Structure formats: structure tokens, C-alpha cells
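Chemist: Give me a model of this one.
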Amino acid sequence: MTILQTKGVSYFYQDGERRRKILDETSINFEQGKFYTILGQSGSGKTTFLSLISALDEPKSGEILYKGQDIKKIGYEKYRRNNISIIFQSYNLVPYLTAVENVLVAMSITDNQLPSNHQEVAYNLLDYIGINKTKADRLVTQLSGGEQQRVAIARALSTNVDIILADEPTGNLDEGMEMEIVEIFKDLAEIHNKCVIVVTHSNEIAKFSDETFYLKQGELKHYE
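Modeler: As a prediction, the model looks like this:
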């Protein structure tokens, strides 16, 4: 089932007289229960594409649809709060909070229906992705990079959204940890029926995804 669509989406940067095209009439369908990767050279516009489908930026033309509805009509803030979660390369955790508190903050701002015992859910989610209760009660700054990224994933899951977006989520991790994070993404798609879209420069990660797109000179195409 298609959950997210781009229809004729274009985007460019204007630099004086020069216009730099990032996306040119891009139309792509993303389905629930699938793990996608988007490849492209540095500066090709991968992160820009992620910003558009996460409503952090707006296309110059075209539409982005969530379950057939234009996200502009849903309202960008409401769409971000209730329908998507973003995982960043730099984790973007609140440094003065513990791991479990970081997850609880995310749960407190969504409109989605969640179990009433937030704290129990937060601990269970952290445990599920490899952070035990002892580590969950530590400040995130006392955790390793791989552990912080797991906290970021638990936070993304905690709001019960359909779409998980990730921008170079393994960029700061070693190869072994990268594969562990990839396994989590695969499980999220295959077992938990999430639509997972990962922007990466890693061909290794792309090998494990269900579909890969490559962004080059404004065109986003299936990568063979």
C-alpha cells in the first residue's frame, strides 16, 4: 500500500542569476512495510529530498502526499508531529536528559494514541533496540555513539508513526554497529510494517534495502 508519494516535485536553489536544480519533476511512490535507501554523491540533494518529504522544507512545485492527502493541507507541523519521525546522523538528542527521558519527551508531543503508561513503553522500546534499563537511566552524553543512535531510533518509534526517515544514520558508526542499525531498520519495515526511508552514501546499506533510488542531476531513479 502506497503511504507516501511525490508528484512532479521540483526544487532548486537560486544563487544570483544562477539556478541550481536539485529535483526535477520527481514522482516516486513509497509503500508501507518496505525499507528504502536513497543514494547519491555528496551535494546531490539527498538531504534536501528528505527535508521535503519530512515537511522541513517546501517544494518549488509539485505535491507530496501522505495517504493520498497533500501534506500542505494536513499542515506541515501536524504532519511532522503525528506521521513521521526523523533520525539524524548527529542523533539530535537532548544532552541534559537521560535516554528514557529523551524518548518520553517525544511521546509527550504527539497527538497519536499511545498506551497510557508512557514510561513502561519507553523502557520497553529502549530494551527492544538494545538499551537496557541501567543505560536507559544514564544521560545520553554518557552513552557511546552507537547507543545514542539506538536511543534516537527508540525515540522515533515511540510516537507510533507510519514513516521513519533517516539521514546518514550510520555515518558516525563503525562497520559492525552500522550492520546492527541496518538490521533494526529491516525489522521495522518487515515486522512492524513501517515505511523506512534512509538517505545514505553507503552502497553496503543499500544492498539490504528493498528498493534503492539514486539521485543525480535532479533525477531520482531506481538504482540497479
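
Chemist: Geometric centre of this protein: which residue is closest?
Modeler: Leu165 (1.3 Å; Cα atoms, centre = their mean).

Chemist: Could I get the contacting residues of that residue?
Modeler: Counting by Cβ atoms under 8 Å, 6 or more residues apart in numbering, Leu165 touches 50, 53-54, 84-87, 197-199. Heads up, the C-betas are built off the backbone N, CA and C, glycines and all.

Chemist: My assumption is that it lies in a strand; please confirm.
Modeler: Yes. Counting by DSSP: H, G, I helix; E, B strand; the rest coil, Leu165 is located in a strand.

Chemist: gap between it and Arg138?
Modeler: Separation of Leu165 from Arg138 (Cβ to Cβ, to the nearest Å): 27 Å.

Chemist: And the helices in this structure, which stretches?
Modeler: Assigned by DSSP state H, the helices in the chain fall at 46-53, 71-74, 76-82, 99-109, 118-128, 133-136, 145-158, 175-190, 203-207.

Chemist: Out of these, flag the one nearest Val9.
Modeler: helix 46-53 (6.5 Å; Cβ to Cβ).

Chemist: Just list what the closest one packs against, helices and strands only.
Modeler: strand 2-15, strand 18-31, strand 35-39, strand 163-167, strand 195-199 (3 or more Cβ pairs under 8 Å, 6 or more residues apart in numbering; DSSP states H and E).

Chemist: what's the angle between it and strand 163-167?
Modeler: 150 degrees (axes from the mean of the first three to the mean of the last three Cα atoms, to 10 degrees).

Chemist: circling back: which one of the helices and strands packed on helix 46-53 has the most crowded surroundings?
Modeler: Per-stretch averages of neighbours, counted by mean count of other Cβ atoms under 10 Å, single out strand 195-199 among these, with a mean of 26.
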